[in-house]
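>>> return a 3D structure for these sequence lines:
(one chain, ligands or ions: 1)
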Amino acid sequence: AALSKTKEVDLPGGWKAGDPVPYAALAKVFALIEATTKRLEKTALLTSFLLLVIRRRAQGDSQSLLQAVYLCINRLCPDYVGIELGIGESLLIKAISESTGRSLSVVKADLKKEGDLGLVAMNSKNSQKTLFKPKPLTLPTVFKSLKEIALSSGHSSQNKKVSIITKLMASCQGQEAKYIIRSLEGKLRIGNAERTVLVALAHAAVLAEQEISNKRSSAEKLASRLEESASIIKQVYSELPNYDLVIPALLDVGVDKLIEVCKLTPGVPLKPMLAKPTKAIGEVLDKFEGKKFTCEYKYDGERAQVHKLEDGSIAVFSRNSEDMSKKYPDLMAQLPSCIKEGTNTFVFDAEAVAIDKDTGKLMPFQELSRRKRKDVKVEDIKVRVCLFAFDLLYLNGEPLLQKDFGARRGLLQEHFQPVDGEFQFAKSSDCDTTDEIQAFLEESVKDGCEGLMVKMLEGELSHYQPSRRTVNWLKLKKDYLAGVGDSLDLVVVGAYYGKGKRTNVYGAFLLACYDADSEEYQTICKIGTGFSDEALQAHAETLKPLEMSTPRGDVKVGGAKPDVWLEPKVVWEVLTADLSLSPIYTAAQGLVEERGISLRFPRFIRIREDKAADDATGPEQIAEMYQRQALAQGSKGKKGKGA
Ligand code: ATP
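This is a model prediction of the structure:
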């Protein structure tokens with residue numbers, strides 16, 4: 001199917017082999033992708049574009065494909081390098097106004113009407129009379145300009161950014177301005193998830209290989225080959241999430257050999273494996289029936305992935321692949337003493353937990369979160385941090401992801417040593433009855449933990465699966481047993497002005513979940529109780545700079561009507577009494593019923609600085625929570641109460 005659709009697509013093809021890829025071709029693909037909601041069609045469109053890029057690249061060039069892929073996912077480098085787009089609305093409005101000669105107020109009025117700055121830029125540009133046709137934009141030019149913008153900092157950077165954007169805008173034709181402005185905003189909004197790009201990349205590589213070898217295979221064979229290639233690339237990328245390394249290798253050795261050359265590498269952080277919540281101890285035994293499993297303390301701290309590189313340097317990455325070395329200079333200093341002789345390169349997975357300096361007791365996460373994230377000086381540190389290691393992913397040149405968890409844990413304990421108050425192995429117990437699990441859970445809570453993590457010990461299901469949330473890791477929190485259920489991580493997308501003495505701050509907020517498939521934020525509830533005056537003040541300071549005059553185009557609003565809209569960026573952890581169906585909010589619409597799902601009596605717990613907006617809880621998880629609740633309550637949950 002992918003091949004036949006490839007032929008149907010009419011892309012601006014007028015670029016010769018060896019020429020830089022015209023940006024117009026990419027803009028056209030974006031427009032076609034935006035116009036369809038069908039995932040297969042999106043994949044086919046992208047495949048045909050990437051195939052053209054591969055076919056027409058100059059010999060030995062891997063940059064054009066690399067830049068094409070980066071622009072499709074709207075990034076400029078690997079996640080963990082931290083060069084990000086996401087230019088504020090007012091700066092973009094200024095640039096659009098300057099480059100099209102329209103006044104700021106007219107551009108703002110248009111934005112109010114259209115709700116999409118990209119569209120406003122395109123319309124402004126296309127209504128401008130130009131005498132000369134500008135020189136066409138190319139992928140390398142756009143990529144370089146975006147990078148320059150993202151990298152410029154300091155006091156004159158605003159002007160510099162506006163001047164680069166204005167220059168880009170001057171060369172835009174057709175739909176180009178729309179996508180350039182959206183890229184700069186930080187979201188393309190064409191419903192093109194990174195997974196789709198990976199699949200298209202795999203398909204394009206296979207089709208290009210076939211063209212070169214001049215082999216024709218039956219439709220059936222081709223389909224299975226395409227499917228196989230997609231799973232290879234997904235696996236490779238989950239181990240080595242760095243296109244700068246994967247794409248040149250793909251062009252060099254082809255899909256089949258990719259797995260041999262692109263492996264987990266210290267220095268490139270993996271997306272961590274995640275856990276599914278479970279509500280009852282009995283459920284644990286059901287899920288692991290007949291299999292060997294282990295229970296570990298679930299420490300209440302911050303995830304830390306620790307890497308030792310070939311060159312001997314050590315790096316600590318957060319759950320979000322952010323480099324944490326600057327936040328934890330004390331950890332960096334502590335680490336060498338837990339490494340046994342003969343342990344050279346490694347990657348281990350751990351939780352960093354605050355502990356009391358005098359008693360050595362575990363302290364709750366809040367203690368850790370008071371730390372600054374950058375430029376921390378060892379002498380200013382008040383709380384001590386201990387690492388609790390629970391998994392080993394790489395050792396002395398060898399990735400271990402495909403080994404049983406039991407074996408990985410054995411190697412971890414063999415190659416590292418506990419150091420009091422600095423480094424410990426996660427406490428574990430290979431329980432096998434409900435009573436044993438219950439006793440261990442109570443012990444963990446008494447020791448200051450959130451509960452237990454239950455993990456498969458043997459067989460393929462116990463292998464480490466980066467970024468996957470499966471039942472092979474279950475989280476059993478003490479709160480669940482009290483019937484509260486798991487917390488949600490939600491994005492703040494709007495705010496309501498306060499009343500009375502709170503008029504100068506926001507008094508309530510509109511929250512949303514994130515659907516990675518459609519790349520949209522779906523509203524879920526208004527949250528307004530339980531905030532102290534100081535907390536409201538602090539939230540106002542963080543959120544004020546994110547104000548937008550209209551909801552960003554990727555927010556599925558429903559009937560919500562906040563006083564101001566906010567750029568989706570800040571993530572909050574929230575607990576709820578229960579979930580109900582709602583005619584107003586759009587979260588998980590169509591998954592359980594036509595109506596969306598909302599939270600009743602949501603309660604703010606904390607800011608999740610270690611999560612980006614697109615790491616927020618997804619609609620499937622919310623639908624699952626709703627259904628579990630409905631099951632527990634019999635038919636009561638199904639009726640819903642509206643919100
Ligand atoms: P999620 O994305 O799953 O919602 P989260 O960051 O909200 O993750 P939880 O769902 O509460 O966290 O639980 C998983 C987290 O628990 C891990 O990311 C890790 O930081 C922490 N953790 C503590 N102890 C362990 C352990 N023994 N094994 C694995 N993870 C642990």
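
>>> how about the residues of the stretch 401-550 of the chain near the ligand?
A426, M453, K475 (CB under 6 Å from any ligand atom). Backbone N, C-alpha and C define where each C-beta goes, glycine included.

>>> adding pLDDT, write those out as TSV.
TSV is the format used below for these (pLDDT from 0 to 100):
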residue	pLDDT
A426	98
M453	97
K475	94
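
>>> tell me which of those fall in strands.
M453, K475 (DSSP state E).

>>> tell me which of the residues of the stretch 401-550 of the chain next to the ligand is nearest to P277?
K475 (5.4 Å; CB to CB).

>>> bridging residues for the closest one?
According to DSSP bridges, the residues that bridge with K475 are P277, M453.

>>> those helices in the stretch 101-250 of the chain, which residues are they?
Remark: helices assigned in the stretch 101-250 of the chain by DSSP state H, counting those that start in this stretch are 104-114, 117-126, 139-151, 157-171, 176-185, 194-213, 219-239, 243-253.

>>> in the host helix or strand of D489, what counts as buried?
Here D489 is covered by strand 488-497, with elements defined by DSSP states H and E. Across strand 488-497, burial judged by 16 or more other CB atoms under 10 Å covers L488, D489, L490, V491, V492, V493, G494, A495, Y496.

>>> can you check stretch 27-46 too?
27-30, 32-34, 39, 41-46.

>>> check whether the longest strand along the chain comes near the ligand.
Longest strand in the chain, counting residues (DSSP E): strand 384-395. Yes: Strand 384-395 comes into contact with the ligand (CB under 6 Å from any ligand atom), by way of F390.

>>> A helix includes I437, no?
Yes: counting by DSSP: H, G, I helix; E, B strand; the rest coil, I437 is found in a helix.

>>> now do it against I96, distance only.
59 Å (CB to CB, to the nearest Å).

>>> the two: which is more packed in?
I96 (28 against 21; other CB atoms under 10 Å).

>>> so what's the more buried one up against?
Applying CB atoms under 8 Å, 6 or more residues apart in numbering, one finds that I96 lies in contact with R102, V107, L117, V120, A121, S124, M169, I181.

>>> please apply the same query to K234.
R195, L198, V199, A202.

>>> let's go with 6 Å and repeat that
Taking CB atoms under 6 Å, 6 or more residues apart in numbering, we find K234 in contact with L198.

>>> any idea how far Q522 is from the ligand?
17 Å (CB to the nearest ligand atom, to the nearest Å).

>>> that residue belongs to a helix?
No: counting by three-state DSSP, Q522 is not found in a helix; it is strand.

>>> that older thread, tell me the one of the buried residues of strand 488-497 nearest A630?
L488 (17.0 Å).

>>> quick one: the closest one and V385, what's the gap?
For L488 relative to V385 (CB to CB), the value is 27 Å.

>>> do P545 as well
30 Å.

>>> quick one, which of these two is more surrounded?
V385 (23 against 11).

>>> which pLDDT value belongs to the closest residue to L258 other than its chain neighbours?
In space, and not counting its chain neighbours, L258 is closest to V236: 5.2 Å by CB to CB, 6 or more residues apart in numbering. V236 carries a pLDDT value of 96.

>>> ok, the one 5 residues further on next?
As predicted, P241 sits at a pLDDT of 96.

>>> circling back to that earlier point, what about the longest strand of the chain, average pLDDT?
For strand 384-395, the mean per-residue pLDDT is 96.

>>> repeat that for stretch 36-44.
Per-residue pLDDT over stretch 36-44 has a mean of 89.

>>> doesn't P551 belong to a strand?
No: P551 sits outside any strand when classified using three-state DSSP, being coil.

>>> that one: what's it in contact with?
V557, W565.

>>> before we move on, what about Y243?
Contacts of Y243 (CB under 6 Å, 6+ apart): L66, V69.

>>> so how far is K144 from it?
According to CB to CB, Y243 and K144 sit 17 Å apart.

>>> ditto for T359
55 Å.

>>> between those two, which one's more packed in?
Remark: of T359 and K144, K144 carries more neighbours, 14 against 8, as counted by other CB under 10 Å.

>>> how much space between that one and K326?
When K144 is compared with K326 (using CB to CB), they lie 28 Å apart.

>>> L441 too?
36 Å.

>>> V471 now?
36 Å.

>>> tell me the secondary structure for the residue lying closest to M324 once chain neighbours are set aside?
Counting by CB to CB, 6+ apart, M324 lies nearest to V316, which is 4.5 Å off, once chain neighbours are set aside. Using three-state DSSP, the structure places V316 in strand.

>>> do the one 10 residues further on as well
For K326, the secondary structure call by three-state DSSP comes out as coil.

>>> now it. Nearest residue, chain neighbours left out?
Nearest to K326 is K374, by CB to CB, 6+ apart, at 4.9 Å.

>>> same check, this time on K167
S145 (7.4 Å).

>>> what's the neighbour count on G559?
11.

>>> from P562, how far off is the closest residue in space to it that isn't next to it in sequence?
Nearest residue to G559 in three dimensions, chain neighbours excluded: I584, at 4.0 Å (CB to CB, 6+ apart). Look at I584 and P562: by CB to CB, they are 12 Å apart.

>>> what packs against the helix or strand harbouring L52?
Secondary-structure assignment from DSSP H and E places L52 in helix 39-56. Under the contact criterion of 3 or more CB pairs under 6 Å, 6 or more residues apart in numbering; DSSP states H and E, helix 39-56 touches helix 2-8, helix 23-34, helix 63-72, helix 194-213.

>>> after the third one, next one along is what?
Towards the C-terminus, the helix or strand next in line after helix 63-72, according to DSSP H and E, is helix 89-100.

>>> in that following helix, which residues are buried?
Under 16+ other CB under 10 Å, the buried positions of helix 89-100 are E89, L91, L92, I93, K94, A95, I96, S97, E98, S99, T100.

>>> among those residues, which one lies nearest to the ligand?
Nearest to the ligand out of those is E89 (CB to the nearest ligand atom; 29.4 Å).

>>> the nearest residue to the closest one once chain neighbours are set aside and the ligand, how far apart?
Of all residues not flanking E89 in the chain, M548 sits nearest, at 5.4 Å (CB to CB, 6+ apart). Distance, M548 to the ligand, by CB to the nearest ligand atom: 27 Å.

>>> next to the ligand, which bits of this structure? Give me the list.
By CB under 6 Å from any ligand atom, the part of the chain that sits against the ligand consists of 272, 274-275, 296-299, 303, 319, 351, 390, 426, 453, 475.

>>> can you give me the end-to-end span of stretch 270-285?
30 Å (CA to CA, to the nearest Å).

>>> what's in contact with that stretch?
So stretch 270-285 is contacted by 303, 319, 434, 437-438, 454, 464-467, 469, 471, 473-476, 480, 486 (CB under 6 Å, 6+ apart).

>>> ok, now stretch 452-461?
284, 292-296, 298, 404-406, 441, 444, 462, 472-476.
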